[in-house]
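Asks: Quick one: sequence and predicted model below, then my questions.
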Amino acid sequence: MFKKLVAIEPVSLIPSAERKLHEYAKEVVLFDDVPKDDAEIIRRIGDADAVLVSYTSRIEKNVLDACPNIRYIGMCCSLYSEASANVDIRTARAKNITVYGIRDYGDQGVVEYITSELIRYLHGFGDKQWQGLPVELTDLRVGIVGLGTSGQMIAAGLQALGADLYYFSRTRKPEQEEAKNIKYLPLKELLNTVDVVCTCLNKNVILFHDEQFEWLGNHKIMFNTSIGPSHDIPALAKWLEHGDNEFFCDTAAALGDDTGKLLASPHVNCMNISSGRTRQAFDRLSEKVLKNIKIFINENSL
């Protein structure tokens, strides 16, 4: 059992999971707002040996230096890699602090978001329509860039409705090609081929620059489901200036334009609501966060 566990900000645990925390720590402190700076994060952590953090704050080296009692940090958000994490995992490891994160808890909502928005645009159910006549997903050529868990789920969802699926990934996925009939293409060839491209990349991976948008061409549709932008902002703006390309993302963070100019573009479709934050996603998040805590306590005989 931990001596003191602090959630430095809202971490999206369901009420039963918050109650469960008291079985893992003698003292539990849950803050209900996001700390304004590192000094506030340090004050909130204090002498705690366990910390929970969501995606809205960062725990950097200076925080770890100032809080020497920390033994465990639970990221209540996706952890894809050290480079993209909002915790300085390298410094934490050097200080013998264990950092566990979670993933694959909000993908179902993302699949439903893409399917819904794409069908609305293809059929003209909203205020715009892709072609002169409504079209179905049937035989629509869709390219998935990044065939991880969410990419595979999106591919399966669209394929079930008749779409023709292609993918590009750093590593080939033979099992997906053979069992799911998802065809691999090099990125340039894929972008030349598809009508719709969906980027499902790790945070901080910027793959689309001027050259890639030129390969994609015009009268095309692009979705970004990554947490952050998968594109160079000026290159995306230039591609949208053509006038017949449409870009979709669920949050402004996925658009990545801090100036707000792109958000006002008639060709940017962003409702600024995270599609992965559903009731079921919070259930899955809570279960994974508690499981990580239990693993750490058992492994360290606390």
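Replies: It's in.

Asks: Do you have the helices of the stretch 51-200 of the chain handy? List them.
Replies: Assigned by DSSP state H, counting those that start in this stretch, the helices in the stretch 51-200 of the chain fall at 61-66, 89-94, 107-123, 149-160, 174-180, 187-193.

Asks: Present these as a markdown table; the columns should include mean neighbour count and mean pLDDT.
Replies: For glycine as for every other residue, the C-beta is placed from the backbone atoms N, C-alpha and C. As requested, those are exported to a markdown table (neighbours: other Cβ atoms under 10 Å; pLDDT from 0 to 100):
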| stretch | mean neighbour count | mean pLDDT |
| --- | --- | --- |
| helix 61-66 | 16 | 98 |
| helix 89-94 | 16 | 97 |
| helix 107-123 | 19 | 97 |
| helix 149-160 | 19 | 95 |
| helix 174-180 | 13 | 90 |
| helix 187-193 | 17 | 98 |
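
Asks: and the helix or strand of the chain with the lowest mean pLDDT, how far out from the chain's middle?
Replies: Lowest on mean pLDDT, DSSP states H and E among the helices and strands of the chain sits helix 174-180, with a mean of 90. Put simply, helix 174-180 sits 24 Å off its chain's centre (Cα atoms, centre = their mean, to the nearest Å).

Asks: Please apply the same query to stretch 92-112.
Replies: Using Cα atoms, centre = their mean, the offset of stretch 92-112 from its chain centre is 10 Å.

Asks: How about stretch 226-239?
Replies: 15 Å.

Asks: Could you pull out the buried residues of it?
Replies: Residues of stretch 226-239 classed as buried by neighbour count (16 or more other Cβ atoms under 10 Å): 226-233, 235-237, 239.

Asks: do stretch 94-108 as well
Replies: 97-102, 105-108.

Asks: thinking again about what came up before, from the buried residues of stretch 226-239, pick the one nearest L255.
Replies: P229 (6.5 Å; Cβ to Cβ).

Asks: how about the nearest residue to the closest one, chain neighbours excluded?
Replies: Among residues not flanking P229 along the chain, G256 sits closest, at 2.9 Å (Cβ to Cβ, 6 or more residues apart in numbering).

Asks: count of neighbours near that neighbour?
Replies: 19 (other Cβ atoms under 10 Å).

Asks: Quick check, pLDDT for it.
Replies: Predicted confidence (pLDDT) at G256: the value is 94.

Asks: same deal with the one 10 residues further on?
Replies: The predicted local confidence for P266 comes out at a pLDDT of 96.

Asks: what pLDDT does the closest residue in space to E18 that isn't next to it in sequence get?
Replies: Leaving aside its sequence neighbours, E18 sits nearest to L30 (Cβ to Cβ, 6+ apart; 6.4 Å). L30 is assigned a predicted lDDT (pLDDT) of 98.

Asks: thought L30 was touching A7?
Replies: Yes. Contact criterion Cβ atoms under 8 Å: L30 and A7 qualify, at 4.5 Å.

Asks: Give me the more crowded residue out of the two.
Replies: A7 (25 against 15).

Asks: Next up, the contacts around the residue nearest to G151 when sequence neighbours are not counted.
Replies: Nearest residue to G151 in three dimensions, chain neighbours excluded: C200, at 3.9 Å (Cβ to Cβ, 6+ apart). For C200, the contact set (Cβ atoms under 8 Å, 6 or more residues apart in numbering) comprises 144-148, 150-151, 154, 225-226.

Asks: biggest separation within those residues, which pair?
Replies: L147 and S226 (13.4 Å).

Asks: Just the closest of the buried residues of stretch 94-108 to E189, please.
Replies: For the buried residues of stretch 94-108, the nearest to E189 is D107 (26.8 Å; Cβ to Cβ).

Asks: which residues does the closest one contact?
Replies: 149-150, 153, 276.

Asks: closest to D49 among these?
Replies: G276 (30.4 Å).

Asks: in the protein, what spans have low per-residue confidence?
Replies: Across the chain, no stretch falls below the confidence threshold (pLDDT under 70).
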